[in-house]
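**Student:** What follows is a predicted protein model with its sequence.
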Amino acid sequence: MHLYDVIIIGGGPCGLAMGIEAAKSGLDHLILEKGNLTESIRNYPRNMRFFSTAENIEIGGLPFAISSVKANRNEALQYYRKVAGYYDLNFKLFTEVAKTEKQADGTFLTETTTGEVFHSKKVVLATGYFDVPRKLGIPGEDMPHVSNYYDEPFEYSYTNVVIVGGSNSAVEAAMELYRHDAHVTIVHKGEDFRRTVKYWLIPDVKNRVKEGKIHTRFNSVTRAIEKGRVLIYNSETNEEEWLPADFVFLLVGYIPDEHLLRRCGVELDPVSKVPVYDPDTFETNVPGLYVCGTVMAGVFTEKVFIENGRDHAAAIADHLSGRPVRKVKELIERI
């Protein structure tokens, strides 16, 4: 039986940052990732460009050199892959974790969905949130023509597409689909697009709405999805409306996998879903089990990004190594 100093669950940017800090501290580490490295970024829209500038999503102190200020999806995938290779991180890919349990001797047993087991002194959960879409709880949201992820526009040209949501992902998808000859309608419960939408997108999308090239239904919620149409309700007019829809994208956000957290013994706030953890060391209510990056966000996923989540790794590595812990700014609202 091999006993690792630390097992890191999740191979996204924050998980890789944790692996780098473990390697720098001389800790025998293993990263377990259910897909390939930075699987969440691989599932981003193909033409997506990050909101953060390149230097703010660097990890391991290695410069992220690109020709423009903000990286796109492909550049990020190349960068993180090269960083993992540079630090010779120890990872096992396509290995999905089912749970981790603390044993009587104080060590941890981590079990995969295929029954494989790994042993470690400590465990860090860095699973992010992109794998678990928010659900609307309406009829039809699991139909084949409905998706929680947008990839690229060419499949949807000359079709009716309804996008539910008013944030970055919804606006970016709408703009790209419109420019590839899709008839796009955005349905959003707010009275306007969310304030967090990338600043360079707002003038573009609002001008397209004004021109009638992108259609909107604000103050509206989706009530049902059927083949070829979507039922919405407008809270201002108190009226229902059926919209034609060959395809539907439910781009209303994502949340951490609370079921995995609970299976690992982590307590969650019943309202915010934020895990119980020490804001200085990021150790959870299970001694020796830590959270790193966006997995700690609960419903506040807009508060933790690569640029601040990467800093958690250094503080955790300090605690694991018995060093004074570097202070990380508190990010999550407590309810």
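**Tutor:** All right, it came through fine.

**Student:** Number of residues surrounding residue 284?
**Tutor:** 23 (other Cβ atoms under 10 Å). Backbone N, C-alpha and C define where each C-beta goes, glycine included.

**Student:** isn't it right next to residue 274, touching?
**Tutor:** No: Residue 284 is beyond contact range of residue 274, at 11.0 Å (criterion: Cβ atoms under 8 Å).

**Student:** Neighbours of the spatially closest residue to residue 28 that is not a sequence neighbour, how many?
**Tutor:** Spatial nearest neighbour of residue 28, excluding adjacent residues (Cβ to Cβ, 6 or more residues apart in numbering): residue 5 at 4.5 Å. If you count neighbours by other Cβ under 10 Å, residue 5 ends up with 16.

**Student:** now do residue 157
**Tutor:** Residue 157 has 12 nearby residues by other Cβ under 10 Å.

**Student:** Wait, it touches residue 181, no?
**Tutor:** Yes: Residue 157 lies in contact with residue 181 (Cβ under 8 Å); the separation is 4.5 Å.

**Student:** Tell me the secondary structure of the residue nearest to residue 28, please.
**Tutor:** strand (DSSP: H, G, I helix; E, B strand; the rest coil).

**Student:** The nearest residue to residue 173 once chain neighbours are set aside and residue 191, how far apart?
**Tutor:** In space, and not counting its chain neighbours, residue 173 is closest to residue 150: 4.2 Å by Cβ to Cβ, 6+ apart. Taking Cβ to Cβ, to the nearest Å as the measure, residue 150 falls 24 Å from residue 191.

**Student:** Of those two, give the one with the bigger neighbour count.
**Tutor:** residue 150 (24 against 10).

**Student:** which residues does that one contact?
**Tutor:** Applying Cβ atoms under 8 Å, 6 or more residues apart in numbering to residue 150 gives the contacts 45, 169, 172, 173, 249, 251.

**Student:** Wait, a strand at the fifth one?
**Tutor:** Yes: residue state for residue 249 (three-state DSSP) corresponds to a strand.

**Student:** count of neighbours near it?
**Tutor:** 25.

**Student:** Go ahead and confirm it touches residue 164.
**Tutor:** Yes: taking contacts as Cβ under 8 Å, residue 249 lies within contact range of residue 164: 7.0 Å.

**Student:** Determine the residues that are contacts of both of those two.
**Tutor:** With Cβ under 8 Å, 6+ apart as the test, residue 249 and residue 164 both reach residue 170.

**Student:** picking up where we left off before, closest to residue 319 among the contacts of residue 150?
**Tutor:** Closest approach between the contacts of residue 150 and residue 319, by Cβ to Cβ: residue 169, at 34.5 Å.

**Student:** Look up phi and psi at the closest one.
**Tutor:** Reported as degrees, to the nearest 10, the phi and psi values for residue 169 are phi -60, psi -40.

**Student:** Let me see the confidence value for the spatially closest residue to it that is not a sequence neighbour.
**Tutor:** Nearest residue to residue 169 in three dimensions, chain neighbours excluded: residue 251, at 4.4 Å (Cβ to Cβ, 6+ apart). Looking at residue 251, its pLDDT reads 96.

**Student:** do residue 130 as well
**Tutor:** Predicted confidence (pLDDT) for residue 130: 83.

**Student:** you'd agree it is in a helix?
**Tutor:** No: counting by three-state DSSP, residue 130 falls outside a helix, being coil.

**Student:** Could I get the contacting residues of it?
**Tutor:** Going by Cβ under 8 Å, 6+ apart, residue 130 touches 40, 43, 254.

**Student:** Would you agree the first one is in contact with residue 128?
**Tutor:** Yes: using Cβ under 8 Å, residue 40 is in contact with residue 128, at 5.6 Å.

**Student:** which residues are in contact with both of these two?
**Tutor:** Residues touching both residue 40 and residue 128 by Cβ under 8 Å, 6+ apart: residue 12.

**Student:** quick one, which of those two is more surrounded?
**Tutor:** When residue 40 and residue 128 are compared for neighbours, residue 128 comes out ahead with 29 against 18, by other Cβ under 10 Å.

**Student:** Now do the phi/psi pair for that one.
**Tutor:** Dihedral pair for residue 128: phi 70, psi -150, per degrees, to the nearest 10.

**Student:** same thing with residue 318?
**Tutor:** When read as degrees, to the nearest 10, the backbone of residue 318 gives phi -60, psi -50.

**Student:** so which of the contacts of residue 130 comes closest to residue 146?
**Tutor:** Nearest to residue 146 among those, with distances taken as Cβ to Cβ, is residue 254, at 15.6 Å.

**Student:** What values do phi and psi take at the spatially closest residue to that closest one that is not a sequence neighbour?
**Tutor:** Excluding its sequence neighbours, the residue lying closest to residue 254 (Cβ to Cβ, 6+ apart) is residue 129, at 4.8 Å. The phi/psi pair for residue 129 (degrees, to the nearest 10) reads phi -140, psi 0.
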